[in-house]
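**Student:** Below are the sequence and a predicted model; questions follow.
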Amino acid sequence: MSAADKERCIAYIYHNGHKLMTSHSYEHSGGYHEVASNTMVLSLKEKDLVWIGTKTGTFCYGYPYTGFSGWKL
């Protein structure tokens, strides 16, 4: 979720240090928060790492507005 009046939030999904996906949320509606979401399926091996990072200089809200989850299929 982008912070109101702060223009944008850009977040990335990483797998073992490689950027796989980007989400953009732009505040362009007069001070309201905008949201974005993504879904992806990865085949993981033991000790693989998956995480979310944000672009430097962007303004993103964290907990409780932003979440990250995974399931074993």
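**Tutor:** Noted; the coordinates are in hand.
**Student:** and residue 10, how many neighbours?
**Tutor:** Residues near residue 10, counting by other Cβ atoms under 10 Å, number 19. Glycine gets a C-beta too; all of them are placed from N, C-alpha and C.
**Student:** can you pull the pLDDT of the residue nearest in space to the middle of the chain?
**Tutor:** Centroid-nearest residue in the chain, with Cα atoms, centre = their mean: residue 11, separated by 3.6 Å. We have a pLDDT of 87 for residue 11.
**Student:** thought it was touching residue 19?
**Tutor:** No: if you go by Cβ atoms under 8 Å, residue 11 and residue 19 don't touch, sitting 10.6 Å apart.
**Student:** Name the residue most distant from the centre of this structure?
**Tutor:** No residue in the chain sits farther from the centre than residue 46, which is 23.4 Å out by Cα atoms, centre = their mean.
**Student:** what's the span of stretch 66-73, first residue to last?
**Tutor:** The stretch stretch 66-73 measures 23 Å between its terminal residues, going by Cα to Cα, to the nearest Å.
**Student:** Kindly report the same for stretch 12-21.
**Tutor:** With Cα to Cα as the measure, stretch 12-21 spans 6 Å from end to end.
**Student:** just stretch 42-54 next, same as before
**Tutor:** One end of stretch 42-54 to the other measures 20 Å (Cα to Cα).
**Student:** Same check on stretch 35-52?
**Tutor:** Start and end residues of stretch 35-52 are separated by 16 Å (Cα to Cα).
**Student:** Tell me the gap between that stretch and the middle of its chain.
**Tutor:** Centroid separation for stretch 35-52 versus its chain: 11 Å, with Cα atoms, centre = their mean, to the nearest Å.
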